[in-house]
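Q: I would like to see how this sequence folds:
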Amino acid sequence: MIRTILAATALSIAAMPALASTTDQFEMNVNIDRSTLQTTEGAQQEFVKLKQDVHERCVAETSDWAFASSYAVSFCESRTLKSAVTTIDEPALTAVYEASVSR
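A: Model (predicted):
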């Protein structure tokens, strides 16, 4: 299932907020296989793919930053990933996400 990520607030069921490094907005499509989210192992696999997709996009979004780019990428990743998981709203994926941020 393709999901669209937008900055600020979720505009529809397929829209996820994303914040680049400041207030820059961007859209991002992610492919989530909801059938694999029915198991913990499947949710972990989808989370790893989602996290990588978000990382690559955040790196691209902050590539013009000469200073504090690593902070900008980290900030972008945490906000975008949280937004994506919240909007996808699958309990197994949410559990994997919450476990990753509690470490």
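
Q: List the buried residues in the longest helix along the chain.
A: Ranked by residue count and defined by DSSP state H, the top helix of the chain is helix 40-61. If you call a residue buried by 16 or more other CB atoms under 10 Å, then helix 40-61 has these buried ones: 42-44, 46-47, 50-51, 53-55, 57-58, 61. Glycine gets a C-beta too; all of them are placed from N, C-alpha and C.

Q: Distance check, residue 34 against residue 62.
A: From residue 34 across to residue 62, the span is 30 Å (CB to CB, to the nearest Å).

Q: Compare these two and say which is more crowded by neighbours.
A: More crowded of residue 34 and residue 62, by other CB atoms under 10 Å: residue 62, with 22 against 12.

Q: tell me the SS of the closest residue to that one other than its chain neighbours?
A: In this structure, residue 62 finds its nearest non-sequential neighbour in residue 72, 4.2 Å apart by CB to CB, 6 or more residues apart in numbering. Classification of residue 72 by DSSP: H, G, I helix; E, B strand; the rest coil places it in helix.

Q: Give me the pLDDT for residue 72.
A: At residue 72, the predicted lDDT confidence score is 86.

Q: That one contacts residue 65, correct?
A: Yes: between residue 72 and residue 65 there is a contact at 5.3 Å, judged by CB atoms under 8 Å.

Q: Have a look at these two and say which one is more surrounded.
A: Between residue 72 and residue 65, residue 72 has the larger neighbour count (other CB under 10 Å), namely 21 against 15.
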